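1. Test case, fold it:
(2 chains)
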Amino acid sequence: MPQRPGESVSEENRNPDADADAIRQICDRYANDRHRMMDILRDVQDRFRWISPEAMVEIATRTGLTRIAVEGVASFYAFFTQQPAGRVTIRLCDDIVDRFAGLPEVTAAFEKALGIGIGQTTPDGAFSLEYTPCIGLCDQAPAAMVNDIVVTALTPERVHEIVRQMKDGQRPEDLVSHRFDEIRPYERAARMVQNNVRHAGAVLLGPVPQDAGLAKALGLSPSQIIDAVEASGLRGCGGAGFPTARKWRAAAATGAERRVVIGNADEGEPGTFKDRVLLTERPHLVFEGMTIAARAIGASEGILYLRGEYVYLRDLIEETLAERREKGLLGKRIMGVEGFDFDIRLQMGAGAYICGEEGALISSCEGLPGEPKTRPPYPVNRGYLGFPTVVNNVETFSHVARILDRGAGWFYAMGTEGSHGTKLFSVSGDCINPGIYELPYGATVQELLAMAGGDDAEAVLVGGPSGTMIARDTFDRRLTFDDLATGGAVVIFNGKRNILEIVEYYMSFFVHESCGYCTPCRVGNVFLQKAIAKFRAGLANPGDIDYLKDLSATIIETSRCGLGMTSPHPILTTLENFPLVYSAMVKPTRDRIRDTFDIQSAIDGARKLAKRRSYIFDKDYGQ
Amino acid sequence: MTEEPRKVRIATASLAGCFGCHMAILDIDERLIELMKLVEIDRSPLTDIKRFHGRCDIGIIEGGCCNEENVEVLRDFRRHCDVLVAIGQCAIMGGLPAMRNAIMHSDEPLRECLEEAYISGRYIRNTTHDIPNDPALPLLLDKVYPVSEVVEVDYQIPGCAPTGDVIFETLTRLLAGRLPGFEREHIKFD
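-> You can find the predicted model right below:
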């Protein structure tokens, strides 16, 4: 599917009939099924580099929808464009970790080499340059996507080399290897991305016998499988920590003719990249766990939802799925068990953080904008297309496979009371050894810092921006569900970093990623971001600290889904753990007149327009 | 002979407003006669007194800040008044004048605003094609500011304009020493 930059049809000599034909073929590929809208739009975007109004009409006709319904989906996702994107679209990862790792210089180098700014496309349609939030490569920042491949550890020199190669008419794939099409998908992924496994634990990243857990599960009844998962103490690894067995039991108990298992690999929480590593190094384990889940709840359909930023892993995953079908580990009569049919399809996302929320993820799988659903009903009762659905993080499924192999007691014995087993931590930021650490629950932040070489850490963000930012005096806190709960992100900041800059960045991230459905989140986060900007500019009043707390409480209380319920965390946790940072920036009032209002800058524009000075505020007026 | 208690001193000003809130003060109607036994009005358009004679107990501000003179007057009020009350939407949020704050996607929003108002607007008849620029005209601010962004405000009374009843109640309760707020139906305008 990837095209050479020179190959694409230019705008002037398009043939409308041929275009419509191509779109019809794409829709046919998905049986004109409106629930496959994500796949249809992805293919159209890949083929034409945008979703034109004509394309939307054609897709609507084929899928039996209105054009506006198609546009609703197309306009929701960042990777679908309604203007022609460059044949080579470069998306620079704009995470705070990338910024601290030299993103400004890399951006400048791209802008200079391409002659365009961020958000622009070259006049010949060859290149687009964009910013995108965290693409899950914080351990090798600054990073970028070049169409469907990724490039890491960028420097201005490397940028010039990339642009030169692209301008010479090479494909983005050639940046990986000139033999890209011949080498295996794993090899391609490994050449693009270092997985930086720094510490392999006993469960996931150590030696893993393939499909041993599945074989043992098939000797158990479905309810015995759930009992084993329950006895292991396993809780969801995506961040919320819901007991896995309880979720499965609810789905199994709901009467229905179809049930669905969904693996959530939409890890968008800035600073998280454990699923990336898991899917590269242990893809079979993920699918083994999903297959066990299917057996436990009686599902025949599975979906792996992979974030659009990880499209470079698509071939690897498709190859793994094909291999499992070939070996009888997916499809009809799995491992020869009569009546046990289960298959998994890969669903690519298209650049939307909110799709990590299970309701939004299901919406996206259904071909809808990635908006959360009203709860209840919960997905275990009415999920994908209305059928009982278990959505678990891919790490959770991997644990399941190992628990079934080694036994619940083995898993339960690791970790601490209430937090059993191991966890993958993605460590990035100011440390010597960024990467993946698989540790039993219960390690202290200090211990993790010692392993990662983060000796000069002054602040550590555990759980990404929707988690907790802690200061040096509490580095003895533990990584457990009861103390510092996390989906796995640990971002380290040293004393040179500006806490308020970090907070402002994360608030801008939430503003960008709010789906816009409910007002407290859509509007409230903008107000929070503006308030933090006031602090940074030294324009905050003493009352603004209370304002931050009040507004945060309102957003948390009234938002519809987890995004708004956690988006004020960067502010609230830094207010709690770094109070001096805020109080140092507040300007007290004198005579109850606000110093934060600057009359000189307020009248400066008028002074220039009127070409005269102020008779009130310019002391030398009239002299 | 007992000395009469000192009257409460009140000052008022209209900044970037339409004087509607001051008209609403007059809607207190005949109750003004009773009120005036308790208060005296210092600096105010109602008395046409232009400078503070002394410290005041209550200052009432209508309108937000659109120019430097508004800022000067407002700061003067804050310095001279114990309790500052902002009345009406313009004082509280900027109100109608703050519509010009919506010119955001321009390098020179103020110039764009003035040119449309005096030169390029569709219904403008301005034979000189000049934007007024007499030295006596106060300089405009870059945008219209609510009162609370320039000084600390003690009470905000919403409405466009607040009713005479609400203003009367505000004053009598302040005179009695407490203003706990209003029942919703008194400040509901939809």
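
2. Next one: residue A:581 from residue A:288, what distance?
-> Distance of residue A:581 to residue A:288, computed by Cβ to Cβ, to the nearest Å: 46 Å. C-beta coordinates here come from the backbone N, C-alpha and C atoms, glycine included.

3. Name the residue in the two with the higher neighbour count.
-> residue A:288 (28 against 17; other Cβ atoms under 10 Å in any protein chain shown).

4. who's in contact with the residue nearest to the more buried one when sequence neighbours are not counted?
-> Nearest non-adjacent residue to residue A:288, counting by Cβ to Cβ, 6 or more residues apart in numbering or on different chains: residue A:401, 4.1 Å away. Counting by Cβ atoms under 8 Å, 6 or more residues apart in numbering or on different chains, residue A:401 touches A:211, A:213, A:214, A:285, A:288, A:289, A:292.

5. shouldn't the second one be in contact with residue A:397?
-> No - the pair formed by residue A:213 and residue A:397 falls short of the contact definition of Cβ atoms under 8 Å, at 10.4 Å.

6. so what sits against both of these two?
-> A:288, A:289, A:292.

7. Need the mean per-residue confidence for the host helix or strand of the first one.
-> Residue A:288 is located in helix A:283-297, with elements delineated by DSSP states H and E. Averaged across helix A:283-297, the pLDDT comes to 98.

8. what are the ranges of the helices in chain B?
-> Using DSSP state H, the helices of chain B run over B:20-26, B:31-35, B:68-80, B:89-93, B:109-115, B:147-150, B:164-175.

9. what packs against the first one?
-> What it means is helix B:20-26. Using 3 or more Cβ pairs under 8 Å, 6 or more residues apart in numbering or on different chains; DSSP states H and E, the elements in contact with helix B:20-26 are strand B:8-14, strand B:56-62, helix B:164-175.

10. So for chain A, which of these sits nearest?
-> strand B:56-62 (11.2 Å; Cβ to the nearest Cβ).

11. quick one: that closest one to chain centroid distance?
-> On the basis of Cα atoms, centre = their mean, to the nearest Å, strand B:56-62 is displaced by 9 Å from the centre of the chain it belongs to.

12. could I have the helix holding residue A:288 exported to PDB, CA atoms only?
-> The C-alpha trace of helix A:283-297 is given here as PDB (Å, rounded to 0.1, in the frame of the first residue of the first chain):
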ATOM      1  CA  PRO A 283       2.800 -11.100  20.800                       C
ATOM      2  CA  HIS A 284       1.800 -14.700  21.200                       C
ATOM      3  CA  LEU A 285       1.400 -14.300  24.900                       C
ATOM      4  CA  VAL A 286      -1.100 -11.500  24.400                       C
ATOM      5  CA  PHE A 287      -3.200 -13.600  22.000                       C
ATOM      6  CA  GLU A 288      -2.900 -16.700  24.200                       C
ATOM      7  CA  GLY A 289      -4.400 -14.700  27.100                       C
ATOM      8  CA  MET A 290      -7.200 -13.400  24.900                       C
ATOM      9  CA  THR A 291      -8.000 -16.900  23.800                       C
ATOM     10  CA  ILE A 292      -8.100 -18.100  27.400                       C
ATOM     11  CA  ALA A 293     -10.500 -15.200  28.100                       C
ATOM     12  CA  ALA A 294     -12.700 -16.300  25.200                       C
ATOM     13  CA  ARG A 295     -12.800 -19.800  26.600                       C
ATOM     14  CA  ALA A 296     -13.700 -18.400  30.000                       C
ATOM     15  CA  ILE A 297     -16.600 -16.200  29.000                       C
END
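
13. what's near enough to touch residue B:13?
-> B:43, B:44, B:45, B:59, B:60, B:61, B:62, B:73, B:74, B:77 are the contacts of residue B:13 under Cβ under 8 Å, 6+ apart.

14. now do residue A:88
-> Residue A:88 sits next to A:5, A:126, A:127, A:128, A:146, A:147, A:166, A:172 when contact means Cβ under 8 Å, 6+ apart.

15. Would you confirm that the second one contacts residue A:86?
-> Yes - look at residue A:126 against residue A:86 with Cβ under 8 Å: they come within range, at 5.8 Å.

16. Of these two, which one has the most company?
-> residue A:86 (23 against 17).

17. Residue A:123 is in contact with that one, correct?
-> No - Residue A:86 is beyond contact range of residue A:123, at 10.4 Å (criterion: Cβ under 8 Å).

18. Neighbours of the nearest residue to residue A:387 once chain neighbours are set aside, how many?
-> Leaving aside its sequence neighbours, residue A:387 sits nearest to residue A:258 (Cβ to Cβ, 6+ apart; 4.5 Å). Neighbourhood size, residue A:258 [other Cβ under 10 Å]: 14.

19. returning to what we had before: starting at the chain centroid, how far to the helix holding residue A:288?
-> 22 Å.

20. got it, and stretch A:88-97?
-> That offset, for stretch A:88-97, works out to 13 Å (Cα atoms, centre = their mean).

21. For that stretch, measure first residue to last.
-> Start-to-end span of stretch A:88-97 (Cα to Cα, to the nearest Å) is 25 Å.

22. who does the most centrally placed residue in chain B bridge with?
-> Taking Cα atoms, centre = their mean as the criterion, residue B:62 is the residue nearest the geometric centre of chain B, at 1.4 Å. For residue B:62, the beta-bridge partners are residue B:14, residue B:87 (DSSP bridges).

23. and residue A:316, which of the helices and strands packed on helix B:20-26 is closest to it?
-> strand B:56-62 (66.7 Å; Cβ to Cβ).

24. before we move on, back to that, filter the contacts of residue B:13 down to just the buried residues.
-> B:43, B:44, B:59, B:60, B:61, B:62, B:73, B:74, B:77 (16 or more other Cβ atoms under 10 Å in any protein chain shown).

25. Switch the residues you listed over to JSON lines; also include pLDDT.
-> Below are the buried ones among the contacts of residue B:13 laid out as JSON lines (pLDDT from 0 to 100):
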{"residue": "B:43", "pLDDT": "97"}
{"residue": "B:44", "pLDDT": "96"}
{"residue": "B:59", "pLDDT": "97"}
{"residue": "B:60", "pLDDT": "97"}
{"residue": "B:61", "pLDDT": "98"}
{"residue": "B:62", "pLDDT": "98"}
{"residue": "B:73", "pLDDT": "98"}
{"residue": "B:74", "pLDDT": "98"}
{"residue": "B:77", "pLDDT": "98"}
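
26. Any idea how far the longest strand seen in chain A is from the middle of the chain?
-> Secondary structure of chain A per DSSP state E: the longest strand is strand A:422-429. Offset of strand A:422-429 from its chain centre (Cα atoms, centre = their mean): 15 Å.

27. Quick check: which of the helices of chain B is buried the most?
-> Comparing those by mean neighbour count (mean count of other Cβ atoms under 10 Å in any protein chain shown), helix B:89-93 ranks first with a mean of 24.

28. for that one, packing partners?
-> Helix B:89-93 packs on strand B:56-62, helix B:147-150, going by 3+ Cβ pairs under 8 Å, 6+ apart.

29. Check the model's average confidence along that helix for me.
-> 97.

30. need the residues of chain B near chain A, please.
-> Proximity of chain B to chain A, by Cβ under 8 Å from any Cβ of the partner chain, involves residues B:67-69, B:71-72, B:75, B:78-79, B:84, B:108, B:110-111, B:114, B:131, B:133, B:135-143, B:145, B:149-152.
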